[in-house]
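**Q** fold the following and give me the result.
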Amino acid sequence: MTVSYTHLSHTAGWVGGLTRLLLLWKGSLFKQIWPDFLVFFGLYFIISFIYRFILIEYEDSKVVYELFCVYCKKYCERIPITFLLGFYVTQVVSRWWSQFMSLPWPDTLARYIAVYMPGTDEQSRNYRRTVCRWVCLGNVLALRLVSYKVMVRFPTYEHLVESGLATNKEMIQLKQMDDLVNNRHQIS
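**A** Presented below is the predicted three-dimensional model:
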């Protein structure tokens, strides 16, 4: 679900504005990782406190701890973190790009229709417009299921008729189809 924060960004000043938006943001990465962040830094400060204040009296334990740190550092260099992050970023970007490319764009179909349905008379132009309108209607109907903003813009079939994406006859057919499938749009 898409949540808009533009009504809050115009009031964000230089001091604390970004921090306030990050705290309000429902999908914030900070809100997702703060428990792990607190555990990590809690453990870090506990180990640091033990090393700096308690192991001063026990020199043998301090040497063992330092050798353990050297051992961990040696094995950390075998698998570089930049190498792993490169794979991760590549996977994220390729997934985003495949999702972006799977969006149906009516422009490509409109160009093909203009080439393969030639004619300058009124009937040919109406055919081309009708097919392009149906493609746009299909996009809107699909995006209504996943996008809150599109659902707010077109909450009912009457709004589709008002905007010119559907006719009254098509609206009746769409309502009949919804009643027939009981609003089940997934493949099971």
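
**Q** drop to CA atoms for contacts and neighbour counts, all remaining ones
**A** OK.

**Q** tell me the pLDDT at Val3?
**A** With respect to pLDDT, Val3 scores 62.

**Q** on contacts alone, who are the packing partners of the helix or strand where Asp36 lies?
**A** In this structure, Asp36 is located in helix 29-49 according to DSSP states H and E. Applying 3 or more CA pairs under 8 Å, 6 or more residues apart in numbering; DSSP states H and E, we find helix 29-49 packed against no helix or strand.

**Q** beyond it, next helix or strand please.
**A** helix 59-76.

**Q** now do the helix or strand following that next one, average pLDDT.
**A** Sequence-wise, the next helix or strand downstream of helix 59-76 (DSSP H and E) is helix 81-101. Averaging pLDDT along helix 81-101 yields 85.

**Q** shaky segments in the protein?
**A** 1-18, 21-23, 26-28, 183-188 (pLDDT under 70).

**Q** can you do 90?
**A** Scanning the chain for pLDDT under 90 picks out 1-37, 47-48, 50-89, 92, 96-109, 114, 117-120, 141-151, 174-188.

**Q** max-length helix in it?
**A** helix 122-144 (DSSP state H).

**Q** hmm, back to that, just the CA trace of the helix holding Asp36, in PDB.
**A** Output of helix 29-49 as PDB, limited to C-alpha atoms (Å, rounded to 0.1, in the frame of the first residue of the first chain):
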ATOM      1  CA  LEU A  29      14.400   0.900   7.200                       C
ATOM      2  CA  PHE A  30      15.300   2.500  10.600                       C
ATOM      3  CA  LYS A  31      12.100   1.100  12.100                       C
ATOM      4  CA  GLN A  32      12.800  -2.300  10.700                       C
ATOM      5  CA  ILE A  33      16.400  -2.600  12.000                       C
ATOM      6  CA  TRP A  34      16.300  -0.700  15.300                       C
ATOM      7  CA  PRO A  35      15.900  -3.800  17.500                       C
ATOM      8  CA  ASP A  36      19.000  -5.500  15.800                       C
ATOM      9  CA  PHE A  37      20.800  -2.100  16.000                       C
ATOM     10  CA  LEU A  38      20.200  -1.900  19.800                       C
ATOM     11  CA  VAL A  39      21.300  -5.500  20.400                       C
ATOM     12  CA  PHE A  40      24.400  -5.100  18.300                       C
ATOM     13  CA  PHE A  41      25.500  -1.800  20.000                       C
ATOM     14  CA  GLY A  42      24.400  -3.200  23.400                       C
ATOM     15  CA  LEU A  43      26.700  -6.200  23.000                       C
ATOM     16  CA  TYR A  44      29.500  -4.000  21.600                       C
ATOM     17  CA  PHE A  45      29.400  -1.700  24.700                       C
ATOM     18  CA  ILE A  46      29.200  -4.700  27.100                       C
ATOM     19  CA  ILE A  47      32.300  -6.300  25.400                       C
ATOM     20  CA  SER A  48      34.100  -2.900  25.300                       C
ATOM     21  CA  PHE A  49      33.300  -2.300  29.000                       C
END
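
**Q** please consider this matter closed, and thank you.
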